[in-house]
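Colleague: coordinates for the following, if possible.
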Amino acid sequence: MTDHYATLGVARTASADEIKRAFRKLASQHHPDKGGDTKKFQEIQAAYETLGDEQKRAAYNNPQPQHPFGGGSFHQNFDFNEIFNMFGAKFQQPQQRSHARMTLWITIKDVAAPGSRVVAMGTPTGTHNIEINIPNGINDGDNVQYPNLGPNAQDLVITFRVHPDKTWQRVNNNVHTETTVSMWKFIAGGDVPMLDIRGNRIEISVPANTQPGSMLRARGRGLPDRNGQLGDMLVRVQARLPARISPELMAAIQQESAE
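Modeller: This is a model prediction of the structure:
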């Protein structure tokens, strides 16, 4: 099993804040947009999705092995048939239902707007279009079982993979992005129009005297969790200098900076 603590470079006793800081540092170093390795970036994301969630971390730290007959374990060569034959009965081993499997790559925008999709599935008789439903809260690497959708009415298991995105970075069910704002907005404040991850036009309010690089939050504009509850959209705002400044304003700025 992958050691998520080693992936993030933290101790098993690390606090939630220490885990978050380690993730942000590594995600920035290894992001594909900055020339990082996509596989390494996905490993970092997977580690944080587990350790950054209190319940998932607890389950990861204390895995509970499941046995078909409760606690305890059975010897590898133990034969139930031998025991039952002693009493004139034959123990019937349950038949495992076979599954068809496929991997489906989706985008973070598909995660943001789940629902019905038509996908192409290759079979021994050719390629067939099937309709599936992408569930809420899908994560990279999740397996979802669809009854009777495979060849010969087999159950179909789809492994979902999520492409890294240049614009949006996922942190649990929040999404992070960045935009450039006129320096006057940082000084005087105002609303900045932009699109959320679903393509809806919204406005981000920049308070007066905001520092460049600040992170602003739009609540309920993120990704759905398993229950359909939406996370937030966090926008890092960077300054854009004006193309032209009037002589009068430049003189005022120079006077202000000299004081």
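
Colleague: the one helix or strand I158 maps to pairs with which strands, parallel or anti?
Modeller: In the assignment (DSSP states H and E), I158 maps to strand 155-162. Applying DSSP bridges to the sheet, strand 155-162 is found paired with strand 99-106 (parallel), strand 143-146 (antiparallel).

Colleague: following that strand, which helix or strand shows up next?
Modeller: Moving toward the C-terminus from strand 155-162, the next helix or strand (DSSP H and E) is strand 169-171.

Colleague: so what does the helix or strand that comes right after that next one touch, helix or strand wise?
Modeller: Following strand 169-171 in sequence order, the next helix or strand is strand 174-182 (DSSP H and E). Counting by 3 or more CB pairs under 8 Å, 6 or more residues apart in numbering; DSSP states H and E, the packing neighbours recorded for strand 174-182 are strand 169-171, strand 190-195, strand 233-240. Where you see a C-beta, it was placed from the backbone N, CA and C, and this is true even at glycine.

Colleague: and if we set it to 6 Å?
Modeller: strand 233-240 (3 or more CB pairs under 6 Å, 6 or more residues apart in numbering; DSSP states H and E).

Colleague: what mean pLDDT does whatever helix or strand comes next after the strand it packs on get?
Modeller: Tracing the chain past strand 233-240, the next element assigned as helix or strand by DSSP H and E is helix 247-258. In this model, helix 247-258 has an average pLDDT of 73.

Colleague: residues in contact with the one helix or strand V119 maps to?
Modeller: Assigned by DSSP H and E, V119 belongs to strand 115-123. With contacts defined as CB atoms under 6 Å, 6 or more residues apart in numbering, strand 115-123 is touched by M102, T127, H128, N129, I130, E131, I132, N133, I134, P151.

Colleague: list of residues touching the helix or strand just after that strand?
Modeller: Counting by DSSP H and E, the next helix or strand C-terminal to strand 115-123 is strand 126-134. By CB under 6 Å, 6+ apart, the list of residues contacting strand 126-134 from outside reads P114, S116, R117, V118, V119, A120, M121, Y146, L149.

Colleague: what count of nearby residues applies to the second one?
Modeller: This points to S116. When counting by other CB atoms under 10 Å, one arrives at 8 neighbours for S116.

Colleague: look up how far P212 lies from it.
Modeller: 42 Å (CB to CB, to the nearest Å).

Colleague: ditto for the third one
Modeller: Look at R117 and P212: by CB to CB, they are 40 Å apart.

Colleague: still on that earlier bit, which among the contacts of strand 115-123 end up buried?
Modeller: Buried members of the contacts of strand 115-123, counted by 16 or more other CB atoms under 10 Å: I130, I132, I134.

Colleague: what does the strand holding I158 rub up against?
Modeller: Here strand 155-162 makes contact (CB under 6 Å, 6+ apart) with 99-106, 138, 140, 142-147, 149-150.

Colleague: buried ones only from those, please, as a ChimeraX command.
Modeller: In ChimeraX, this line selects whichever of the contacts of strand 155-162 come out buried by 16+ other CB under 10 Å:
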select :100,104,106,138,140,146,149,150
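
Colleague: show me the protein divided up by domain.
Modeller: Structural domains assigned to the chain are 4-59, 99-162, 169-243, following automatic domain parsing.
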